[in-house]
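Asker: Based on what follows, work out the 3D shape:
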Amino acid sequence: MYRLLRAPLQPVTYSRWLHLCVPVLLVALWMFVGPEAPWVPLLIAVPIGLVPWVRLVEGLQARFLLTPHDWGRAESTISAVPSARWNDRWRTLLWLEVRLVLAGGAWIPTVWLPAMSVELVSIALGHPLGGDLMIPFEPPRWAAALLVPVPLILLIAIVVLLGELITAIAQRLLGPSAAERLTALEARTEQLLERNRIARELHDSIGHALTVAVVQAGAARAAGDPEFTDRALCAIEETGRAALEDLERVLGVLRESGQPPSQRPTLVEADRLLESARASGAAVDAQVTGPLDKLPGPVTREGYRILQEALTNVLRHCGPVPVRVRIEMTGDRLDLEVSNPLPDEPALMQRSGSGLRGMRERAALLGGEAETGPYEGSWRVRARLPLERIR
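Answerer: Residues are numbered from 1 along each chain as shown. Here you go, the predicted model:
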């Protein structure tokens, strides 16, 4: 009852009314041509409903007029794509037939009920229109005055109920098919994976830059050597520039500016990370085996980020300590290992939950594995990334 009272104030009531009356134009046009065969529009709708693009047109119209509150939402209850399968075409055909029938049902009260109110007003004023009355009997003037709003209220009730009915049918017949829902789910999954990847890259790149800057600044302040301070400032500047490049690229992806993002760093540029760690005071013993420039794109990019996060953890939790780095490319996989002496409190190394989890996730997405934890008196990060399945 409350919905019925609010209905005249809701714009969707009139947009649904318009949607119900649009097919009447086709029916009215045909009635001038062949009034003896009113069923012909239903027959004409058969080949029209089988055209794939009709589903797109009907879906857009239904979204705009029946569910305007869902307009612009990614997960709409009414699909707006061409028919991809015969099942979609048959549903579109059935929708057109139902829409024509309901249009006839809405048009009759739309014309008849307002005409009744006009006749009641004329009777109440004492000037009956004469001729055939739309109402079954002529009431007294006082009764006619009281009955004037009844047909209009009845019309609103019919329009609201038919609007709810046509909307429910549209959501059923024009709603996304199972294939469309699966496609939307896959797109949503890809979007979430991309956002997760961007979050990991921000964590790895900016976290590494800030860690190097903090360590360098602390070492320069403690050393009190102008030459060492100059080297530390140069290292901070270089690391900051690289972090700004990464940040600009990631923000470009988030803005979806349409410009291609900068090339993500690869293991070919691993020397940049190693020199940054050495500039922070760490004694880095690096051994690289195999042609890293031949690595598949996903492997070399994710390997770079794993190495970056491993070195960042060393500097963050242990400071300038000896670090052993081994990168080896074999026939079917890439092995990456970073080890360093355990800190006084080994639990500190495991507090970087997001970074350690990110390394494991990166390796798992490529079908590999990453291990982090104490090993023979040192802290070790070891990743194995397969090459064959990526190729």
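Asker: could you pull out the strands for the protein?
Answerer: Using DSSP state E, the strands of the chain run over 284-289, 323-329, 333-341, 369-375, 378-386.
Asker: right, so of these, which gets closest to Arg272?
Answerer: Proximity to Arg272 (CB to CB) singles out strand 284-289 among the strands of the chain, at 12.1 Å. In this view, the C-beta of every residue, glycine as well, is placed from N, C-alpha and C.
Asker: Identify the residues contacting that closest one?
Answerer: Contacts with strand 284-289, where a contact means CB atoms under 8 Å, 6 or more residues apart in numbering, come from Ala270, Leu274, Ala277, Arg278, Pro322, Val323, Arg324, Val325, Arg326, Ile327, Glu328, Met329.
Asker: Give me the distance from that strand to the chain's centre.
Answerer: Averaging C-alpha coordinates over strand 284-289 and over its chain gives two centres that are 42 Å apart (CA atoms, centre = their mean, to the nearest Å).
Asker: ok and that strand relative to strand 323-329, angle-wise?
Answerer: Orientation check (axes from the mean of the first three to the mean of the last three CA atoms, to 10 degrees): strand 284-289 against strand 323-329 gives 10 degrees.
Asker: Strand partners (parallel or antiparallel) of strand 284-289?
Answerer: Taking DSSP bridges as the criterion, strand 284-289 pairs within the sheet with strand 323-329 (parallel).
Asker: What residues of the strand it pairs with count as buried?
Answerer: Applying a neighbour-count criterion of 16 or more other CB atoms under 10 Å, the buried positions in strand 323-329 are Val323, Arg324, Val325, Ile327, Met329.
Asker: Hmm, which of these is lowest in pLDDT?
Answerer: The lowest pLDDT within the buried residues of strand 323-329 belongs to Met329, which sits at 89.
Asker: residues in contact with the closest residue to that one other than its chain neighbours?
Answerer: Using CB to CB, 6 or more residues apart in numbering and skipping the chain neighbours, the partner closest in space to Met329 is Gly290 (2.9 Å). Neighbour list for Gly290: Ile327, Glu328, Met329, Thr330 [criterion: CB under 8 Å, 6+ apart].
Asker: ranges for the helices of the stretch 101-250 of the chain?
Answerer: Secondary structure of the stretch 101-250 of the chain (DSSP state H, counting those that start in this stretch): helices at 141-147, 149-173, 178-223, 226-255.
Asker: can I get the buried residues of strand 323-329 in JSON lines with distance to Ile123?
Answerer: Compiled in JSON lines, these are given as follows (distance: CB to CB, whole Å):
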{"residue": "Val323", "distance to Ile123": "99"}
{"residue": "Arg324", "distance to Ile123": "102"}
{"residue": "Val325", "distance to Ile123": "98"}
{"residue": "Ile327", "distance to Ile123": "96"}
{"residue": "Met329", "distance to Ile123": "96"}
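Asker: if we take those, which one ends up nearest to Leu9?
Answerer: Here the nearest of those to Leu9, counting by CB to CB, is Ile327; it sits at 69.4 Å.
Asker: So the closest one versus Glu97, what's the distance?
Answerer: 67 Å (CB to CB, to the nearest Å).
Asker: ditto for Pro176
Answerer: Taking CB to CB as the measure, Pro176 and Glu97 are separated by 21 Å.
Asker: Which of these two has more residues huddled nearby?
Answerer: More neighbours surround Pro176 than the other of Pro176 and Glu97, with 20 against 15 (other CB atoms under 10 Å).
Asker: For that one, give its distance to Pro41.
Answerer: 28 Å.
Asker: what residues go with each domain of this structure?
Answerer: Domain ranges of the chain: 2-176, 182-386, per automatic domain parsing.
Asker: List the contacts of the residue of the chain positioned farthest from its centre.
Answerer: Of all residues in the chain, Gly126 sits farthest from the chain's C-alpha centroid, using CA atoms, centre = their mean; the distance is 63.8 Å. The contact partners of Gly126, by CB under 8 Å, 6+ apart, come to Arg141.
Asker: For the strands of the chain, give me JSON lines that also has distance to Ile169.
Answerer: Output for those, formatted as JSON lines (distance: least, CB to CB, whole Å):
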{"stretch": "strand 284-289", "distance to Ile169": "66"}
{"stretch": "strand 323-329", "distance to Ile169": "61"}
{"stretch": "strand 333-341", "distance to Ile169": "56"}
{"stretch": "strand 369-375", "distance to Ile169": "52"}
{"stretch": "strand 378-386", "distance to Ile169": "52"}
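Asker: That concludes my questions; thank you for your assistance.
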